[in-house]
Each structure stands twice: as structure tokens, then as C-alpha cells.
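Below are the sequence and a predicted model for it; my questions follow.
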Amino acid sequence: MKFKLIIEIAFALMIARLKQTIVAATGVVFSITMFVALLGFMNGLNQLLDGLILNRTPHVRFYNEVKPNPNQPIDQAKDFKDFYNIIRSVKPAASRTSIYNSEALIKTLESDKRVLGISPKISVQVFFNVGNTDVSGIIDGIDVVEENRLFAFNDYVIAGNFMDLKNTSNSIILGKGAADRMMASIGDVIQATTSQGNRVQLKVVGYYQSGLGDLDNVQSYASINTAQKMLGESASYVTDMQVKLKDFNQAPVLAKEFREIFDIDADDIQTVNAQFETGTQIRTLISYMVGVTLLIVSGFGIYNILNMMIYEKMDTIAILKAIGFSGRDVNNIFITIAITIGIVGGSIGLIFGFLAGLGIEKIPFETEALPTVKTFPVDFNPKYYIIGGVFSLVTTYFAGFFPARKASGVDPVDIIRGK
Amino acid sequence: MKEKVVIEAKGVNKYFYSPVKTQVLNDVTFQVKRGEFVSVMGKSGCGKSTLLYILSTMDTDYEGQLFLDNELVTGKHQNFLSQIRNKKIGFVFQFHYLLNEFSVLENVMIPGLKLNQRSREELEHIAMEKLKIFDMQDHAMKKANQLSGGQKQRVSIARSLMNDPLIIMGDEPTGNLDKKNSDIVFNIFKELAQEFHQTMLIVTHDQEFASGTDRIINMEDGRILKSEM
């Protein structure tokens, strides 16, 4: 009831100075709109850029690295046990690059609750034979369905149907750069030589464009069976195992576990792509800084207007105090005014920010590098709306805090005498 | 009942510090008993308004002791003092001081809303009754700034009565009014004293006004003149 009276007085004061109140609220509306639209836009772009790399990067990758055995015979010899042995120019033995016991690894991964999916891969080094010259390239043999499910393969196939890769035997989806160089169009048959010397005829069923030019010049895709055939290997031959997790923050832990159990090389996404995370963080930081600056500026606007209002309403404050309102009551009245401006301005700002986001999302944005993107990306994450809403309340509270404290300190005797 | 002391000042001294230290009140000691209609008179600058602000608890920067309803209020916390002002003191200013943002009825009601002991409907009813005493009920829904000076002053007296205060203090309530309105306001005070036995302490320099009161306290240079006590 008492609070109701304070709200009533606060509203009466605001209505008496409606224009100023609206100006103050407009400042908040503008800054919250900009804050939400800006953060949504910046983070939409962020996610797009990160997605370029991160969507197609497995959270954990298992492979066998070609490297010298760290456990050399001299270290095992009893005679040299107490010595510090140095061997120079150790060469790797002719070890196989395929994953040992891949079936067991797949089974264990499939039963692991943290795993979203597994996509096996074979990397084949090839030369595309174009007339007299050879163009070097890499063909990745993939499980087409899983690759699409986990790594959005279809998004990057810009021509042809990606499922043809599975349904047509000896088919290939060429990188856009490689295809341009070979002048191969869909339906053409091209010839490739593997590093082992096997020659294969492959039918082009589509083009692939990742947006990273260097990658598109060399990278092509075939089904895993085709790749195995090219290499003359059995159906259990797999060089890479790509794992996607439900929560990619678990990647380092999972990589470590399996590295020990299966005696295999495992890379997690955090280690491989540390620089992307840094980039994302800095971009996010910049957008928050801009947003917060906007809010603080509007906070000063509110501060100014409340200060003015207090000078104009000295008489009112003096009467309220004379008839029994305490300093705290007067303080609450002005804080209520500030918070009301914050709530009203903030809510309208959030709505306008959302509309601005919808508007930005409609602006065409077509670029060679990003084949799947037709308009500017906007992130409508509720997080930004919550932050914007909370921040509008916090800034308006502080903008009201000092004028309100001044108002609560007004000495009614000074005002009444001063007349 | 008549003998009960409502307000009592003991040895109140007050100084102004700017530009130089000057003593405005010098050892002011007096009492007002329940039901008394007292006026404080004196030349302009003799400290009578200053005294009133001290008595009303709005000015706390003084030496000496102040008792209200036999309770020491000197040195009490601001929040406590504002409660006392709300509940026990009604104040009438020289310049009517109504809240222009509110209607006449709301202006009268606000002290009651602040006291928060009755429902809004009850308060509205009481406020209306108070306005009727002054024949202002027809103006209840007008905004405060639509009234004439005399009307404003009547509303402000109605407001001071809202919480049935122990004492009403007035700082030259007729000082800013013409003869006709001044008489109306004086008659209101007179009526309050006679019919409602309302304790009142009015600062004035209007001899005619003062002579109509029960007791006159004469002040000069910050002192109460002994002969008049």
C-alpha cells in the first residue's frame, strides 16, 4: 500500500513531465535496440565464420600417425639401461596408416553415451591426369550419409546431388577449384592415379565448395567403398575416424581416454582449432563493448533528465517531506521513475531489436566464399535479450541513483524559506 | 485534559553560520497545552519562522530540547521525525504548497495514504469530510493549480487536518492573502479552535489575527518577551 502510493506519486511526476520522460525512454529504447541487433548480427556472423571451420571439424579425430617408434631396442637392452641413449636420424618403419582394430573402436564409440555420431574416412593422395599434366589432389573417402548428418556435407555440395556419391559406383564430387582447373563438368569421367600407382576412372557427380579457396583446389570426395577400391584395400581399411560429440567440451577428455585404451593418435577440436576460439572471444568482446557503451550513454541521458526534474520539483519534494515523507520515500519515488523508464524503454527496445534483427536477416548477402549463405546471418539467442533487459534496468537504476540521493537530501526548510 | 502539554521547547538556541555566526534564537523556552490557540508574533527577522521550523522537526540543527507529546524528539533519526510529522503535526505554509500534479482530493488524502492505516475508500471519505468543513467539496476533482490563492490555502488546511494531528502549525497562513480571504482563513482557524478544540500554533505578523487567539507569544531578537508569557 505504501509502495503503491510511491508509485502513484512517481507516475504523477512522470506524467507532469511527459515529454522529458519520453525522451529519456527513447534513449533507452535506441540503445537496447542497437545492443540486441548488434550482438545478434555480430554473433550471427561469428557463428557463420566459426561454422566454416568448426562445423566440418570432427570433435575428436582418431588416426595412426606415421612416426618412428619411440621405444627403440637400445632402450630395452639391459647393458645400456643406466645410460642416456641418443640415436640420430631414426626413420619410421613401413607401418600402416590404417587404424588397427577399427571395428572394435567403432563399437566402443557407438556404445559411448557422449558420442553423437562417427564418420569413418580414408584420405587418398592422387594425381588427376588432365591431358599431359597431372594435378595433385586429395580424395576423401567418406560415409556419405553420416558425413552429411554430422558435418552438413550437403551444404557445401553446390551442384549435383550428394547422394549420387553413394548410389553411383566410382563416382566423385570434385572441389570447385579442382573442377575448374580440369574443366570437368558433371557427368564427365576423369582419371586419377593414386600414389601406389593404381589408375581409376571416376565419374563426376557434383561440385564441392567449402569457401576456403586453397581447400577447394585440392579436396574432392568419393564414397568410402570407392576409396578402398582405389587403394586395393579391404572393407575394414579406414585411416581416420571422425567423432562428433553431444558436448564438444568433452572432446579433450574423450580423446585422452581412447588414446590410452586403443593406443591410437587422437586430436581434439580444442587443441587443433584454438585460434578460432580466441577470434570468437575477441569479436564477442568487441560487440559487448559497443553495446555497453551505448547503454551507458543512454544512462547519462536519464541521469540528466532526472536531475532536471529534481530541480523543477524542489517544491514538491519539500512538501512531501513536510507532510511526513522520509528521505528514503523521496529516494524511492525517483528510483521508481528511473526504473520505470528502464522497464518501458528496455521492453520496447527489445521488441525493436528483434524487429531490427528480422530486418537484417532479410538483407541479401551473397558471396563466392559462402555458398550456403544468401542473407546476413542473425543470431536470435535469448541470451542477448536477457542481457539487454537486465542491463537496461541496471543502467537506469544507477542513472537514477545519484539524482534520487540528491532529492532525498533536499532540506524542506531551505525550499520553503527560499520563497 | 486541558492541561496536557502538547509541545514544549526547553532552552532552544539556534545559530546561522553564513555569512557570519549570528544567534537567531536565544534560550527559547515555552509550552503549548492541548486545545490552545497560540500565535507567535514579532517583527520580520526576529526568528519566529525559524522557531516554527524547529518545532515542526524539519530543522534539526539547534541546541536545546524539544518535546512533542511528552516525548523527546531532539536528536531522533530523520525517518522517525518524518513519521512524527506525518502523524502528529499538520503544517500550513505561507505559500499554499499543494502538489500541482494531483487533484484537490488527492492532495488532502496524501498524508493519510502515507500514514497507511486506513483503506483508500475510507481515506477518500475522510478527505471529503475535511473539504466540507471548508466548503471546498465542489472543487475536489480539480487540479490544485486551478484554484485561487484563498482556495488553495483552505485545501492546505484541510490537508493538515487529514491525520487528526496533535497540533497544527502555520507559517503566516494569511500572509499571502487579500483581506477577504485572510478573514475566511482566520475564521476557519477560529472555528477549529472552538468547535474541534484543535491545538494550533500560528506564526503571524498580523496584529488583528493574533488578537483573536487564546495567547500571543511575542518575540524580539530571538527571545520571547517575558512580559507577554
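Sure thing, it's come through.

how about the strands of the chain, start to end?
Using chain A. All strands of chain A, identified by DSSP state E, fall at A:60-63, A:115-130, A:133-142, A:157-159, A:171-175, A:189-194, A:199-208, A:219-223, A:240-245, A:265-268.

Wait, chain B was what I had in mind.
B:5-16, B:22-33, B:37-42, B:63-68, B:71-72, B:89-92, B:167-171, B:199-203, B:215-220, B:223-224.

Out of these, which is the most enclosed?
Neighbour counts (mean count of other C-beta atoms under 10 Å in any protein chain shown) averaged over each of the strands of chain B peak at strand B:89-92, with a mean of 26. C-beta: built from backbone N, CA, C; applies to glycine.

Quick one: list the elements packing against that strand.
Using 3 or more C-beta pairs under 8 Å, 6 or more residues apart in numbering or on different chains; DSSP states H and E as the contact test, the elements touching strand B:89-92 are helix B:149-161, strand B:167-171.

Same list, those, but as a markdown table with distance to chain A and mean pLDDT please.
Formatted as a markdown table, the helices and strands packed on strand B:89-92 follow (distance: least, C-beta to the nearest C-beta, whole Å; pLDDT from 0 to 100):
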| stretch | distance to chain A | mean pLDDT |
| --- | --- | --- |
| helix B:149-161 | 7 | 83 |
| strand B:167-171 | 7 | 84 |
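
and chain A, what are its domains?
Domain assignment for chain A by automatic domain parsing gives A:2-54+A:276-418, A:60-73+A:95-271.

Pick out the residue in the stretch 51-200 of chain A sitting closest to chain B.
Closest contact between the stretch 51-200 of chain A and chain B, by C-beta to the nearest C-beta, is at A:Gly51 (55.7 Å).

Contacts only, for that residue.
For A:Gly51, the contact set (C-beta atoms under 8 Å, 6 or more residues apart in numbering or on different chains) is empty.

quick one: it and A:Leu45, what's the gap?
As judged by C-beta to C-beta, to the nearest Å, A:Gly51 and A:Leu45 stand 10 Å apart.

and what of B:Ile110?
B:Ile110 sits 55 Å away from A:Leu45, going by C-beta to C-beta.

Buried deepest among the strands of chain A, which one?
With neighbours defined as mean count of other C-beta under 10 Å, the strands of chain A peak in mean count at strand A:171-175, which reaches a mean of 28.

what angle do that one and strand A:189-194 make?
80 degrees (axes from the mean of the first three to the mean of the last three C-alpha atoms, to 10 degrees).

what's the angle from strand A:171-175 to strand A:199-208?
Using the same axes, to 10 degrees, strand A:171-175 lies at 50 degrees relative to strand A:199-208.

name the helices or strands packed onto strand A:171-175?
If contacts are counted by 3+ C-beta pairs under 8 Å, 6+ apart, strand A:171-175 sits against helix A:164-167, strand A:189-194, strand A:199-208, helix A:213-218, strand A:219-223.

residues in contact with it?
Residues outside strand A:171-175 that contact it (C-beta under 8 Å, 6+ apart) are A:137, A:139, A:157, A:160, A:162, A:164-165, A:182, A:184, A:190, A:192, A:202-210, A:215-223, A:226.

Please name the residues that touch A:Thr97.
A:63-64, A:66, A:239.

Quick one: which of the residues you listed is the most crowded by neighbours?
A:Thr239 (22 neighbours; other C-beta atoms under 10 Å in any protein chain shown).

where's A:Asp214 relative to chain B, distance?
70 Å (C-beta to the nearest C-beta, to the nearest Å).

in chain B, which segments are predicted with low confidence?
Scanning chain B for pLDDT under 70 picks out B:1-3, B:96, B:226-229.

follow-up on the earlier one: with distance to B:Ser56 added, can I get the helices and strands packed on strand B:89-92 in a markdown table?
Formatted as a markdown table, the helices and strands packed on strand B:89-92 follow (distance: least, C-beta to C-beta, whole Å):
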| stretch | distance to B:Ser56 |
| --- | --- |
| helix B:149-161 | 11 |
| strand B:167-171 | 5 |
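
mind listing what the one residue in chain B that gets nearest to chain A touches?
Of all residues in chain B, B:Asn86 sits closest to chain A, at 2.3 Å by C-beta to the nearest C-beta. Contact analysis of B:Asn86 by C-beta under 8 Å, 6+ apart lists A:323-325, B:111, B:114-115, B:163.

Farthest-apart pair in these, please.
Taking C-beta to C-beta as the measure, the contacts of B:Asn86 span a maximum distance of 13.1 Å, between A:Phe325 and B:Asn163.

who has more neighbours, the two?
Set side by side, A:Phe325 and B:Asn163 show more neighbours around A:Phe325, with 26 against 23, by other C-beta under 10 Å.

Is it correct that that one is in contact with B:Lys114?
Yes - the criterion here is C-beta atoms under 8 Å, and A:Phe325 meets it with B:Lys114 at 6.2 Å.

ok, residues contacting the top helix by length along chain B?
Ordering each helix of chain B by length in residues (DSSP state H) puts helix B:179-196 first. Outside of helix B:179-196, the residues within contact range by C-beta under 8 Å, 6+ apart are B:35, B:37, B:133-134, B:148-150, B:153-154, B:157, B:161, B:168, B:170, B:173-174, B:177, B:198, B:200, B:202, B:206, B:209, B:212-214.

Please could you give me each C-alpha atom of it, formatted as CSV?
Written as CSV, here are the backbone C-alpha positions of helix B:179-196 (Å, rounded to 0.1, in the frame of the first residue of the first chain):
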residue,chain,number,x,y,z
LYS,B,179,-8.3,40.9,3.3
LYS,B,180,-11.3,38.8,2.3
ASN,B,181,-9.5,35.5,2.0
SER,B,182,-7.5,36.3,5.0
ASP,B,183,-10.7,36.7,7.1
ILE,B,184,-12.1,33.4,5.7
VAL,B,185,-8.9,31.6,6.7
PHE,B,186,-8.8,33.3,10.1
ASN,B,187,-12.4,32.2,10.7
ILE,B,188,-11.5,28.7,9.8
PHE,B,189,-8.8,28.6,12.4
LYS,B,190,-11.1,30.2,14.9
GLU,B,191,-13.7,27.5,14.2
LEU,B,192,-11.2,24.8,14.5
ALA,B,193,-10.2,26.1,17.9
GLN,B,194,-13.7,26.5,19.2
GLU,B,195,-15.5,23.5,17.7
PHE,B,196,-12.8,20.9,17.4
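
Brilliant, that's me finished.
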